[in-house]
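# Predicted model and sequence below, questions to follow.
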Amino acid sequence: MTIDRHLKHLAQKDPENRQKALLDVLIQEGLEFSLQEQEPSIQNPRGIRNYLLTPWSPEPSLLFCAHYDAVPGTFGANDNAAAVCILIQLAQTLKKEHIPARFAFFDGEEAGNMGSKFYVSSLDRTSLTGVINLDVCGYGDTIAICGKGHEKKPVMRPFCQKKLLESYRGQLLKYLPKSDDSSFRGLHLPVLSLAAVPLWDIQYLKALASYGEGLLGRPPEFEMILGQMEVISTMHGGYRDTPERVSSDTMNQIYHYLLDGMHSLLFHLKDSSSFNSESRGAGSCKCSCLPPLTVYTAPNYFLPSIA
């Protein structure tokens, strides 16, 4: 099965058809789920429909999430049907391997992270050990990873170790545009945000990291720099915002990166009681002296640049 087998079906321009497409795919893939709904309101006229995969293990675990909505009238293929496809494939594999994990597909990200905020409002924080959010993951040859310090947390260290990053052309950055990851930032949970970009876009992301929020917002040059990034053309109706522009190689790159990160996490932390204690929010980490992390199974997966 190809990782992009559902991409065109999920990349619907109409929001209602997009929701129905995700429902069709989850049923077709045999993934059990629950629907988390919020009724329409003045603030959110369409309401919210989050799709949460039923956990196959009751123990606390990482949450992998991605928004499935798009700017109305656009394909939203790279933003964010590609990430949804990656997580569906990852969920199938982890379930088959009996590796604990949780998965959520959020509505309303383009309206201000409404779906993830609604999810967080009723979240049992002790059910999660951390959050990895995927947004814009189908174009480019480099994985951009932003943890804002959380990359040093034990549950996230396997995904940020040097050998794994080199194998999958990953780069740790101090800035990525806000996505659903921001809804989890105040919960004292480790959070990583992932995106795929062409290598030459990394310089722009590093430049953007130097601009703070500020009381008066960001200066005009911030938007100018952001607009120079090639990946922007794949979003919000840009001229590369089509399913045909999404790369299955890029999607596979991120899928295998995440899978190897999970294998490495289990390999090193399987019997660590201190990890379990921190995962449940029990205070400071007791396992800062873990042995150096090494990749569990990480093939070299170098990709050509995408024109």
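Great, that's in hand.

# for residue 23, helix, strand, or coil?
Assigned with DSSP: H, G, I helix; E, B strand; the rest coil, residue 23 falls in the helix class.

# Assign a three-state SS to the closest residue to it other than its chain neighbours, would you?
Closest residue to residue 23 apart from its sequence neighbours, by CB to CB, 6 or more residues apart in numbering: residue 51 at 7.4 Å. C-beta here means a position set from N, CA and C on the backbone, and glycine is covered the same way. Following three-state DSSP, the label given to residue 51 is strand.

# Is it correct that residue 51 is in contact with residue 68?
Yes. With contact defined as CB atoms under 8 Å, residue 51 counts as touching residue 68 (7.4 Å).

# These two: who's more crowded?
residue 68 (28 against 22; other CB atoms under 10 Å).

# quick one on the thing from earlier: now do the shared contacts for residue 51 and residue 68.
22, 105 (CB atoms under 8 Å, 6 or more residues apart in numbering).

# Helices of the stretch 101-250 of the chain, residue ranges please.
All helices of the stretch 101-250 of the chain, identified by DSSP state H, counting those that start in this stretch, fall at 114-121, 157-160, 162-167, 202-208, 220-227, 248-269.

# So which of the ones you listed is the most surrounded?
helix 157-160 (a mean of 23; mean count of other CB atoms under 10 Å).

# May I have that one exported as PDB, CA atoms only?
Extracted C-alpha coordinates of helix 157-160, given in PDB (Å, rounded to 0.1, in the frame of the first residue of the first chain):
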ATOM      1  CA  ARG A 157      15.100  12.800  23.000                       C
ATOM      2  CA  PRO A 158      14.800   9.700  20.700                       C
ATOM      3  CA  PHE A 159      13.200  11.900  18.000                       C
ATOM      4  CA  CYS A 160      15.900  14.600  18.300                       C
END
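
# burial of residue 151, as a residue count?
17.

# what are the ranges of the strands in the protein?
With DSSP state E, the ranges of strands along the chain come out as 33-38, 48-53, 61-67, 102-106, 128-134, 142-146, 170-173, 191-197.

# can I get those strands in TSV with distance to residue 87?
Formatted as TSV, the strands of the chain follow (distance: least, CB to CB, whole Å):
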stretch	distance to residue 87
strand 33-38	12
strand 48-53	9
strand 61-67	5
strand 102-106	6
strand 128-134	6
strand 142-146	15
strand 170-173	17
strand 191-197	11
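
# want to try CSV for the ones you listed, with distance to residue 114 and mean pLDDT as columns?
Listed next are the strands of the chain as CSV, based on distance: least, CB to CB, whole Å; pLDDT from 0 to 100:
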stretch, distance to residue 114, mean pLDDT
strand 33-38, 8, 97
strand 48-53, 6, 98
strand 61-67, 10, 98
strand 102-106, 8, 98
strand 128-134, 15, 97
strand 142-146, 22, 98
strand 170-173, 26, 98
strand 191-197, 18, 98
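
# Residue 67: neighbour count?
28.

# Double-check residue 44 against residue 113; I have them as touching.
No. Assessed by CB under 8 Å, residue 44 is found out of contact with residue 113, at 11.3 Å.

# The closest residue to residue 130 other than its chain neighbours: what's it in contact with?
Of all residues not flanking residue 130 in the chain, residue 190 sits nearest, at 3.9 Å (CB to CB, 6+ apart). The contact partners of residue 190, by CB under 8 Å, 6+ apart, come to 129, 130, 131, 147, 150, 153, 155, 156.
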